[in-house]
Structure formats: C-alpha cells, structure tokens
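>>> Structure of the sequence below:
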Amino acid sequence: METEEVVRLIRAGLPDAEIEVTGDGSHFEATVVSETFAGLTPVKRHRLVMDTVRSEIESGRLHALSIRPLTPEQRSSNGD
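Below you'll find the predicted structure:
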C-alpha cells in the first residue's frame, strides 16, 4: 500500500480534510486536519479516521495507522 492510497481512503470519508501521510508500506502516520473534528473527543476523532481505512486494516493490507486528528485552530496553535 502506498501513502497516496491511504490519503485517498481518508479523503473519501473526510472530503474536507487536509491530509498528510507518511509511512513504509504497511505502517503509516496520518495528520488529518478537519473542521469536522470540532467539538469531538479524541476517541471520536480517531474513530472517524479509522472508519475510513477499516477495510484495509481488516484485509491486512494496512497493519498500523497512527493518527493525529486536529481542527484547523489546533494546527495553527501548534505552529504546524
């Protein structure tokens, strides 16, 4: 699996998101910035992103995804 595939999967579920993915083929890290996350708990944010890639995890194509879900305001305050 390529990083672009992971981006496409996340974008399909969160079309308004800004997505940056790095990884090595089966283990990836994703920073996902979306207004959709406003008011949601960290667990709900992770769940939203995980739902977009669940089929690839279940199939074994994607073994691990570390997620950093941020609102645009959080990204700005972190200096990213």
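
>>> Just list the residues touching Phe28, thanks.
Phe28 makes contacts with Met1, Thr3, Val6, Val21, Thr22, Leu62, Ala64, Leu65, Ser66, as judged by Cβ atoms under 8 Å, 6 or more residues apart in numbering. Where you see a C-beta, it was placed from the backbone N, CA and C, and this is true even at glycine.

>>> if we go to 6 Å?
Taking Cβ atoms under 6 Å, 6 or more residues apart in numbering as the contact definition, Phe28 lies against Val6, Val21, Leu65.

>>> repeat for Arg54
In this structure, Arg54 makes contact with no residue, judged by Cβ under 6 Å, 6+ apart.

>>> what separates it from Val33, distance-wise?
With distances defined as Cβ to Cβ, to the nearest Å, the gap from Arg54 to Val33 amounts to 21 Å.

>>> Just the buried residues of stretch 3-10, please?
Of the residues in stretch 3-10, those buried under the neighbour-count criterion (16 or more other Cβ atoms under 10 Å) are Thr3, Val6, Val7, Leu9, Ile10.
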